[in-house]
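Participant: Sequence first, predicted coordinates after that:
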Amino acid sequence: MADIAQRYADSMASVTVKSTDATHPQNGMSFGDLGETDLMEIGAGQHGEGGGVRVPMMSSKETVSTVAQALCKNLDLKSGDRAFVMINGCGATTMMELLVLLKDTVEFLKAMGVEVVASMVGEILTVQEAAGFQMNITKWDDEFIRLWSAPCHTPAYSKE
């Protein structure tokens, strides 16, 4: 199983985008210094910490194009490849916004000739009320598709 997990990790790329800072669960204080601006941070840490590049706010399509292009380059995704896409919320992004991001990501990959064979969207791993999302793209093969299609029953996740 460790070899499958390692192969998956080697086939996956991820970027977090935030438009507000995360907040501390006990006192509501902000983690970070993004503040109330018209900027967003591409490459922020999963837990809301800074460290990415700050750019003016963009539309979903523009943001997806910027982020997905970098992830596809990292994975060497090309026409004919198959992919899994996960759009993960950061705690304060609505499901509607996450679904728009997923739609735009699928359209971006389709235009490249990459088939999205499975996806997941929602608050899967979040931070304290940060507005933003994490995009994960994984280059999949037949084994990953077979494993994804198998029934799963765990306390955190189940599917038939």
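Facilitator: Received it, and whenever you're ready, just let me know what you need.

Participant: What is the longest helix seen in the chain packed up against?
Facilitator: What stands out as the longest helix in the chain, according to DSSP state H, is helix 95-112. With contacts taken as 3 or more C-beta pairs under 8 Å, 6 or more residues apart in numbering; DSSP states H and E, helix 95-112 sits against helix 60-75, strand 82-89, strand 115-122, strand 132-140. All C-beta atoms are positioned from the backbone trio N, CA, C, and that covers glycine.

Participant: Out of those, the one nearest M1 is which?
Facilitator: Closest approach to M1 among the helices and strands packed on helix 95-112 is made by strand 132-140 (17.0 Å; C-beta to C-beta).

Participant: quick one: contacts for the residue nearest to G52 when sequence neighbours are not counted?
Facilitator: If the residues on either side of it in the chain are set aside, G52 comes closest to G43, at 2.7 Å by C-beta to C-beta, 6 or more residues apart in numbering. Applying C-beta atoms under 8 Å, 6 or more residues apart in numbering to G43 gives the contacts V15, T16, V17, G51, G52, V53.

Participant: Return a ChimeraX selection command for the buried portion of those.
Facilitator: Isolation of the buried members of these (16 or more other C-beta atoms under 10 Å) is achieved in ChimeraX through the command below:
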select :15,16,17,52
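
Participant: hang on, the earlier thing: which residues touch the longest helix of the chain?
Facilitator: Here helix 95-112 has contacts from 60-61, 63-65, 68-69, 72, 77-79, 83, 85, 87, 89, 115-116, 119, 121-122, 133, 135, 137, using C-beta under 8 Å, 6+ apart.

Participant: buried stuff in stretch 87-97?
Facilitator: I87, N88, G89, C90, G91, A92, T93, E97.

Participant: give me the beta-bridge partners of the fifth one?
Facilitator: Beta bridges link G91 to A130 when assigned by DSSP bridges.

Participant: And the pLDDT at it?
Facilitator: In this model, G91 is scored at 82, pLDDT.
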